Structures are given as structure tokens and as C-alpha cells.
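Undergrad: would you be able to build a 3D model of this:
(2 chains)
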Amino acid sequence: MQSSLTIKASKLARGFTSLSTSLAASSPRRHVRIDGGGGGGGGTPVANKREAEQSCLASLRLCDTVPKLAQAHTHIIKSGLGNNPLVLTKFASTSSDLDAVDFACSFLFAPDADARLYDAFLFNTVIRACAQSKPRKALAFYNLMLRAGISPNKFTYPFVLKACAGIGDLSLGRSVHGSVFKFGFDEDVHVQNTMVHMYSCCGGGIEFARKVFDGMTKLDSVSWSAMIGGYVRLGESGHAVALFRKMQIARVKPDEITMVLLLSACADLGALELGRWVESYVVRESVQKTVELCNALIDMFAKCGDVDSALRLFRSMSKKTIVSWTSVISGLAVHGRGVEAVSLFDEMIAAGVVPDDVAFIGLLSACSHSGLVEKGRDYFNLMTKRFGIEHKIEHYGCLVDLLCRAGLIQKAIEFVEKMPLEPNPVIWRTLVNACRAHGELKLGEDITKRLIGKEPMHESNYVLLSNIYAKMSHWEKKTKIREVMDTKGMRKIPGSTLIELENEIYEFVSGDKSHDRYKEIYEMLDEMGREIKKAGYLASTSEVLLDINEEDKEDALNRHSEKLAIAFALLRTPPGTSIRIVKNLRVCEDCHSATKFISKIYDREIVVRDRTRFHHFKDGMCSCADFW
DNA sequence: AGTCGGAGGG
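TA: Numbers count the residues shown, from 1 in each chain, chains lettered A, B, ... in the order given. As a prediction, the model looks like this:
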């Protein structure tokens, strides 16, 4: 309705016009243009100011794109409301599109703009718009606000704290916390909740988050979710689950966001039973089953080893997003079902869903885990050529991994040398590990030494080098590495295995005797050892990279955390049921071979999740076909 | 006269 309205160039309008045209020039794809006067004419003069205001506000309510906003701007000027604070602020708050907000800011904060128009609501609006994706910019506006002498109100801090969370700097967060206190908003539950969130997003801030959380007099579901989310982000999923139990005792009803977080913790821990409980809870308590919640369920099922349930849920969803597709494709990938993953990707394309860079990571890892070398290469090339998505370092990483796993180490090296991005340490470590596995020890040693030069405090570099020396039987060099690590105060991450039984999560480390039934567990371990030896198992002692004799090596192998967890499971679960365990590192070759025998002798399906993928053991075979 | 707030998915 405003399309015929044009501007008679007033002084103010001229200022706006030049600003907006320069903005248009800086973002050509938007084609923002404001008609600077002349042209059509014939606009009806507006009867009174109040009516004009209402008319402008009404037209702004309909704006959701930059061109529409530009049109509305024209209308505002025409109506003589170019300096009306109500209208201008509404203008800025109208679009969630950051480009549009930039566009609005370009005249709101123009040199010739009237600073008397600035108020807290205006700043809140622009801080909110930037908080998520441009946190530094949001904070710049906050500082501008303070410099302009405008006091923040209770709505300001949730936005500002969100921006601090995005930056993740603890000292910044603490200083903003000081301002919150100074302005007296530290009692507001919304502010407190965001404070918990902010601290938990800052490195080393979880204690501060907990302090705010513990000091709160009223905790709602958002408070609990913020704190649970903090633990999940930190990888402290056990703490997250424990906190959820406290939430239930406190009788605060969890909502769909709490459930998403809890599912994330389940996925991390491999806690399938708890994950299934979440699903039934959602149905029972009619928690809103949003797409995000379904996606979290898919991810949980896949990461807990039940990829078929993930698939079933995926098929039942009426609305799917790229995240849903990616979750299920990546899920199939880690289970070694690469062919299905690839065909699902093709189905997605056929359904007209546009893939993004993350979808390609899932797809390429599917090719990698299933040895689909040619397919992986093809998709890698199609990614840019057909879909116009630029390769990121992760995609190069996937391809290096693909070549290494397929044993094409020379090709992998050539690929790394030719890649246009600087290879990151992850890529180098993939390569080094392949060097070790394929006997390119000298090359592996050279690369690792360079890596240690670059990242002297990264322990996995030393572990890699140590493993290479062990394979070379250079024991004195290997010992020396241990010494270097000790003087730097570093330790190798101990291998550990999680298992969930009857609502409890148990953790085992190598040689663990902390469980109260450890004697039974070790007896079971001995029995397992005898039985699998009878069936033809041979300990693969070359994998034990310690400088000890063969017999001790075998003993060390027997006490690996995954074997302890399996023995425990055999004792505690009914015959014939599946066993699921989660290992924090990659499963070793000896445990892999032993587990195959155990699955056959004890007639159990054993699902092992290791750091990078799943192994489904059944009838003496593994789903990875010894390819991992 | 008075617009505005917190936690989440691959």
C-alpha cells in the first residue's frame, strides 16, 4: 500500500538516503535502495500525527525483509516521522535479520541523527539483534549506551550477558556481572538465569555459574536447563544427569529444552536406558515434541548404539530439517552402514533438501568408515562443483582419514601436501597414526616432532611419538618422552569404559578394583580368558606399548577397562541380552579380537562404542569387518 | 501510553 509513496527530500531524509545507499553498495546481494525523492508523488497527506504513527507502526509490523523495510522507511519519512523515537525504534526492532538491523542502525546512529532520540529500548533492540551472531558488536552498542548516559533496564542484561556468553571470556563476564549488581538487576530471575548460562559458557566459569545457581532463591525450568547445559557443554554429562535428578526431586517440571539437554548427556554417556526413558517421558507428560527434540532423540539413539530406533523415529517425522537428515546420516556412518548413509543422502537431495557443510562431514565420514574411497572422492568434488559449498578443514580431514583408513598412506600424504588450506594438527595426527599402523615410522617421527614444536602442551602428540618409538623398539627414547611429559606435568589420558545397568552408570579403568564386587569381576575375567583361549584366541601383545615382558603384557591386556566392563555385564545381565559399552579411546586390537570370541562363546551381541565409531560384535564377528 | 528478556538439535 505504500509502494506509491515517495519522499520529498527533507534534510533528514537526505542524510538517511546517502547512508542507506552506501549500505546498499556494501551489500549488493540485498539490493537495498531508498527512493531519494522525485518520482511518483501523489501521497496522501496524513491527517494527524497519531494516525501517522499508527500507520507507520502497522506497516512496520508487516516488514520481514530488507526491501520491505526500505519501503517502510520511505513511508516514515513521507509521514514526517523521521525523528519520531517510537517509530524509529520500532523500525530497528522490526527485523530479526541482522542486515536489516544494520540498515536501521545506519541512520539511527548517523552523525547527524538526534542523540536525544536514544533510549534504553533502542539500545536493547540493537543489542538483542547482535547478541547471538555478533557478540562483540552487541557489547560495543552496550558500551555506547553507557557512554551516552543511558541507564540499562531489566531487559538489557539478558542480551548483554548472552553476548558475553558468545565471547566466552571470563574476566569480561565478571566485570559485566559487577555492572548487573551495580544497577540492581541481580535479583531478577531472567538475569540470573542468563548469568548462569554466561558463566557456564566461559572457560573456567562453571564454578561461578554454580555459585549464582546455588544462590538463587527461585529456580525455574530455565535455571535448571542453564546449569545442566553448562555441564553438558563441559563434557560433564554425569554431573548433568545428577543435576537433572535433583531437578526432579525439587519438583520442577522439565520442558522440551531440558529434555534436549538431557538427551545430549545420554548421547555422551551412551546411556540408552535413560534415553529411552526420556522418550517415554516426553510422550507421557506430553512435552512438546519439537523438531529439535526429535533431532536430539535421533542423535541419542545413534550415539547409544541403537541406530535402528534413530531411523524409525526419523521416518516417522512429518517435518524434517537438514539437522534431522544429518543426524541420521552421521549415525549410520559411525555404525559402519555407509551404503545406507550414502543412499539416504541421495534421497535427501532428491527430496529437495539443500545440504550444508555439516551434512557433508557426515557423508564423507560414512564413506571413510565403510571404505567407500571412490564414492568419498566423488562427493568431495561434487561438494564444491555441484553444491557450491566450500571445503573446510574438516572436509579435508575426512578425506585424509578416508585415504588413511583404506591404507593409501602415500596418497594421503600427497593430498595433504597439495591441499590449499594449512593442515591442522588433527590432520597431522591422523597421518601420523596411519604412519605408525603402516610402518612409515621415520616419517611419523618427523611429523610428530614438528607437531610437538608447534603444540608443546598437547599430550596426544607425545603419546603418538611414544607409540612410534615403542613400535620401533626404541625403549630408551620412549622412556625419555615419559620424562619430558612428567616434567611438563602431563599425563596420558587413561582408557576408561562406561556401562549403564539398571539406571546406574558404572565406569571402569584399566586394572580397576574400586567396585565392591571386584573379586567376582576378576573371577569372571579369568573364566573369560580361559574360555576364549580354548576357542583359539591369541593375545596380541604387540599392541601393549609398555616396556615389559610378554607375560606381564598379557596380564595388562586382560585388565583393560573394556574387558572389565564386559565381565561385569556378563555377571549382571540375563543370558542372551545385548551388552552395550562405551570406551573413551579407540578400542585396542586385542580387546577387539577378544570381544569377537566372547560374543560367540557367551552368545551375546556386544555393542562397543569407541572414540570414533561403533563395533557390533555377534557370533564371533564384528560389523566393522576389522576395518577401523 | 509505551513496545523489549533467560536455557536447546547435526
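
Undergrad: which other helices and strands contact the helix or strand containing A:Lys411?
TA: In this structure, A:Lys411 sits in helix A:409-418 according to DSSP states H and E. Secondary-structure packing of helix A:409-418 (3 or more CB pairs under 8 Å, 6 or more residues apart in numbering; DSSP states H and E): helix A:393-405, helix A:425-437. Heads up, the C-betas are built off the backbone N, CA and C, glycines and all.

Undergrad: just the angle between that helix and helix A:393-405, please?
TA: Calculated by axes from the mean of the first three to the mean of the last three CA atoms, to 10 degrees, helix A:409-418 forms an angle of 160 degrees with helix A:393-405.

Undergrad: report the angle between helix A:409-418 and helix A:425-437.
TA: 160 degrees.

Undergrad: got a list of contacts for helix A:409-418?
TA: For helix A:409-418, contacts defined as CB atoms under 8 Å, 6 or more residues apart in numbering pick out A:396, A:399-400, A:403-404, A:423, A:427-428, A:431, A:434-435, A:438, A:440, A:443.

Undergrad: show me what contacts A:Leu313?
TA: Residues in contact with A:Leu313 (CB under 8 Å, 6+ apart) are A:Cys294, A:Leu297, A:Ile298, A:Phe301.

Undergrad: switch to 6 Å and redo it
TA: A:Leu297, A:Ile298 (CB atoms under 6 Å, 6 or more residues apart in numbering).

Undergrad: tell me which element it falls in.
TA: helix A:307-316.

Undergrad: for that helix, output the C-alpha coordinates as PDB.
TA: What follows is helix A:307-316 as a C-alpha-only set of coordinates in PDB (Å, rounded to 0.1, in the frame of the first residue of the first chain):
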ATOM      1  CA  VAL A 307      20.700 -46.700  15.100                       C
ATOM      2  CA  ASP A 308      17.600 -48.600  14.000                       C
ATOM      3  CA  SER A 309      15.400 -46.700  16.500                       C
ATOM      4  CA  ALA A 310      17.000 -43.500  15.200                       C
ATOM      5  CA  LEU A 311      16.000 -44.500  11.700                       C
ATOM      6  CA  ARG A 312      12.500 -45.400  12.800                       C
ATOM      7  CA  LEU A 313      12.000 -42.100  14.500                       C
ATOM      8  CA  PHE A 314      13.400 -40.200  11.500                       C
ATOM      9  CA  ARG A 315      11.000 -41.900   9.200                       C
ATOM     10  CA  SER A 316       8.000 -41.000  11.400                       C
END
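
Undergrad: sec struct for whichever residue of the stretch 451-600 of chain A sits closest to DNA strand B, please.
TA: The nearest approach of the stretch 451-600 of chain A to DNA strand B comes at A:Val582, 15.9 Å away (CB to the nearest atom of the strand). Recorded secondary structure, A:Val582: strand (DSSP: H, G, I helix; E, B strand; the rest coil).

Undergrad: and it, how many residues sit next to it?
TA: 27 (other CB atoms under 10 Å).

Undergrad: and it, what is it in contact with?
TA: A:Gly270, A:Leu498, A:Arg609.

Undergrad: most neighbours of all those, which one?
TA: Result: A:Gly270 is most packed of the contacts of A:Val582 (other CB under 10 Å), 26 neighbours.

Undergrad: since that was my last question, I'll sign off now.
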